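In: structural data only, the sequence is not supplied:
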Ligand code: 3PG
């Protein structure tokens, strides 16, 4: 898939689940819950030791799912994620070294920003689809609109504090490509599957 095709897929999916695996045994049941719930997509975060292994396992067992790496903060993690089969890379902030690594591998990179200065650093690396994180703490939709007024070619994936109560408001703004979040990942696999189904129905107006 080209990076353009990946962005089109993210736009169609509307939600990018942010997933933390504390243990490799959680990977298959939680991935199954996402897939069965109708959201075959995951940003698997490098916040735990097993992140790269989790990505590898998820990619192997769910080959048609769209699986990326999140909380990637340096080149080493970025390379590990790419080797493990990640299809996109997300950072909480903007990292020039992760941007360079992704460019070398022609890998889709969604860096985090909250200020115009950070947006400019990302734009200077040719990046125009950016994560806005942590969205609710930094003014949410109001700030996103102000930033997009200055940089009209940007597309934004807000993450942080997004939930069933506010996601539709974010998605209604046309510069928002999708929203990231972990609200649907709580509880048992059966509970996750149910929350995912509700989230998918919500964003598709059902
Ligand atoms: C992230 O890293 O993107 C966030 O932890 C997700 O934020 P949320 O848990 O508030 O959805």
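Out: In hand now; what should we look at? Just so we're clear, the structure is a prediction, and the values are computed from it rather than from any experiment.
In: what about the strands in this protein?
Out: Along the chain, the segments classed as strands by DSSP state E run 15-19, 41-45, 66-70, 88-90, 108-110, 112-113, 129-132, 155-158, 179-181.
In: got those as CSV, with mean neighbour count and mean pLDDT columns?
Out: The way it works is simple: take the backbone N, C-alpha and C, and place the C-beta from them, glycine included. Listed next are the strands of the chain as CSV, based on neighbours: other C-beta atoms under 10 Å; pLDDT from 0 to 100:
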stretch, mean neighbour count, mean pLDDT
strand 15-19, 24, 98
strand 41-45, 26, 98
strand 66-70, 25, 98
strand 88-90, 27, 98
strand 108-110, 27, 98
strand 112-113, 26, 98
strand 129-132, 26, 98
strand 155-158, 25, 98
strand 179-181, 24, 98
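In: tally of neighbours for the residue nearest to residue 175 when sequence neighbours are not counted?
Out: Of all residues not flanking residue 175 in the chain, residue 148 sits nearest, at 4.5 Å (C-beta to C-beta, 6 or more residues apart in numbering). Around residue 148 there are 19 other residues, counting by other C-beta atoms under 10 Å.
In: so residue 148 sits against residue 177, correct?
Out: No: taking contacts as C-beta atoms under 8 Å, residue 148 lies outside contact range of residue 177: 11.6 Å.
In: which neighbours do the two share?
Out: residue 156 (C-beta atoms under 8 Å, 6 or more residues apart in numbering).
In: residues of the chain that sit close to the ligand?
Out: Within the chain, the residues that sit near the ligand (C-beta under 6 Å from any ligand atom) are 18, 70, 92, 133, 159-162, 180-183.
In: report the two of those residues separated the most.
Out: Distance extremes for the residues of the chain next to the ligand: the farthest pair is 92 and 183 at 17.3 Å, using C-beta to C-beta.
In: who's in contact with residue 143?
Out: Residues counted as contacts of residue 143 (C-beta under 8 Å, 6+ apart) are 114, 132.
In: where's it relative to residue 119, distance?
Out: Distance of residue 143 to residue 119, computed by C-beta to C-beta, to the nearest Å: 11 Å.
In: the longest helix along the chain - what's its average pLDDT?
Out: Taking DSSP state H as the criterion, the chain has its longest helix at helix 189-203. Mean per-residue pLDDT for helix 189-203: 98.
In: show me what that helix is packed against.
Out: Contacts of helix 189-203 with other secondary structure elements, assessed using 3 or more C-beta pairs under 8 Å, 6 or more residues apart in numbering; DSSP states H and E, are made with strand 15-19, helix 27-37, helix 167-171.
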